[in-house]
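S.K.: Sequence and predicted structure are below.
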Amino acid sequence: MKNAIGVILGIALFAWLFSLCSPAGVNKTGHEYMPDMYHPVSYETNLYSAYYWNHWENKSTLNKAQLSQPRAKVPGTIPRGYTGVYYGDANALDIVRGKNAPNAIPAQVNGQAPFYYANNENDRVRCENDLVGNPFPITNAGLEKAKPLYEVNCGICHGEKGDGQGWLVSKPDAKYPAAPKNLISDEMISAGNGRYYFAIMYGKNVMGGYSDKLSYEERWQVIHYIRSLQAKSKNLEYNEKANTLSNVETPAKGVAAGPVRVHAAAATAPVAPPPTK
Ligand code: HEC
């Protein structure tokens, strides 16, 4: 008898406890066990996620669309791709580089330029088709700056001449497992600039990416330098006075008239705009 009462009381207690977890209604918040686990307070961009904004039903005071307005940027920060200074009369490239303004933050520092391509083969092709020109004109200063960058970062595999015979693969006891691409082959001479930029950003198979080693401008200057190696291998010119390799990249003080890579659109637009897409 005693046991039976105990069992009945036990069941009643359990039933009562379960009834406490009641669903929410319009005028009632309901009860839930450990609510913080149902409503994690997470930080997501463009979404207010303070706990009290979580609502159960549609009649809430604010809906998700209203809550998901872009957040204001943190005061004093500069969004990607924007410069910190504006000089009406200065050369745009100088502004981007932060020249003329010792306190300015140049826009295109390491990894700061937007690059909207994923690391897959479809996007490699998309990137090659999109990024046609080189946003920087060919300058001798740029080529000089890029020479050591190329030799240190790329030449060890791709060779000082770009022929794929860097010392990492060409020395007698070399252990490097794959043949680096011959960058002065006809295939790579006719390849678009986007293919190079993509390779620098992500690498390919055993080649790792160099986006953390080279800044935005350095990447493009290295690509100029590779083009100059290609021109050399064909006895053509690629410098600030002349580009007889292609008509795609513009020499700073000359014209692009090369026949090897011809791009119809580039012929009318001397300097391709920086890739924002
Ligand atoms: C450690 C060796 C190594 C270094 C350093 C290296 N690469 Fe490579 N690279 C390779 C190899 C290997 C391949 C061939 C990958 C494949 O096709 O599987 C390759 C391929 C490429 C390609 C062709 C990609 C394509 O679309 O087919 C380009 C362009 C390239 N590298 C550029 C560069 C540049 C620019 C640098 C310097 C910033 C660099 N590489 C540094 C090993 C290297």
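M.R.: Perfect, thanks for sending it.
S.K.: in the stretch 101-250 of the chain, which spans are strands?
M.R.: Using DSSP state E, counting those that start in this stretch, the strands of the stretch 101-250 of the chain run over 242-243.
S.K.: Run through it and note the low-pLDDT ranges.
M.R.: By pLDDT under 70, the low-scoring segments of the stretch 101-250 of the chain are 101-112.
S.K.: Could you list the residues of it in contact with the ligand?
M.R.: 153-154, 156-158, 168, 178, 180-181, 195-196, 199-200, 204-207, 210, 222 (C-beta under 6 Å from any ligand atom). Backbone N, C-alpha and C define where each C-beta goes, glycine included.
S.K.: Give me the domain ranges for this structure.
M.R.: 33-71, 79-107, 121-268 (automatic domain parsing).
S.K.: which of the residues of the stretch 101-250 of the chain next to the ligand are buried?
M.R.: Among these, those classed as buried by 16 or more other C-beta atoms under 10 Å are 153-154, 157-158, 180-181, 195-196, 199-200, 207, 210, 222.
S.K.: can you map out the helices along the stretch 151-277 of the chain?
M.R.: Using DSSP state H, counting those that start in this stretch, the helices of the stretch 151-277 of the chain run over 156-158, 167-170, 186-190, 193-202, 216-233, 264-268.
S.K.: Identify the residues contacting the first one?
M.R.: Under the contact criterion C-beta atoms under 8 Å, 6 or more residues apart in numbering, helix 156-158 has outside partners 164, 166-169, 176, 180-183, 207.
S.K.: Swap in 10 Å and give it another go.
M.R.: The contact list for helix 156-158, computed with C-beta atoms under 10 Å, 6 or more residues apart in numbering, reads 150-151, 164-170, 176, 178-184, 188, 206-207, 226, 229.
S.K.: Please check those and keep the buried ones.
M.R.: Buried among those by 16+ other C-beta under 10 Å: 150, 164-166, 169, 180-184, 188, 207, 226, 229.
S.K.: Tabulate the residues you listed (TSV), appending distance to residue 30.
M.R.: Below are the buried ones among the contacts of helix 156-158 laid out as TSV (distance: C-beta to C-beta, whole Å):
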residue	distance to residue 30
150	65
164	68
165	72
166	67
169	68
180	64
181	63
182	69
183	66
184	71
188	65
207	57
226	65
229	70
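S.K.: picking that back up, any idea which of the helices of the stretch 151-277 of the chain gets closest to residue 3?
M.R.: Of all those, helix 193-202 sits nearest to residue 3, with 71.6 Å by C-beta to C-beta.
S.K.: tell me what that closest one is packed against?
M.R.: Counting contacts by 3 or more C-beta pairs under 10 Å, 6 or more residues apart in numbering; DSSP states H and E, helix 193-202 packs against helix 121-130, helix 216-233.
S.K.: Nearest spatial neighbour of residue 231, chain-adjacent residues omitted?
M.R.: residue 238 (3.6 Å; C-beta to C-beta, 6 or more residues apart in numbering).
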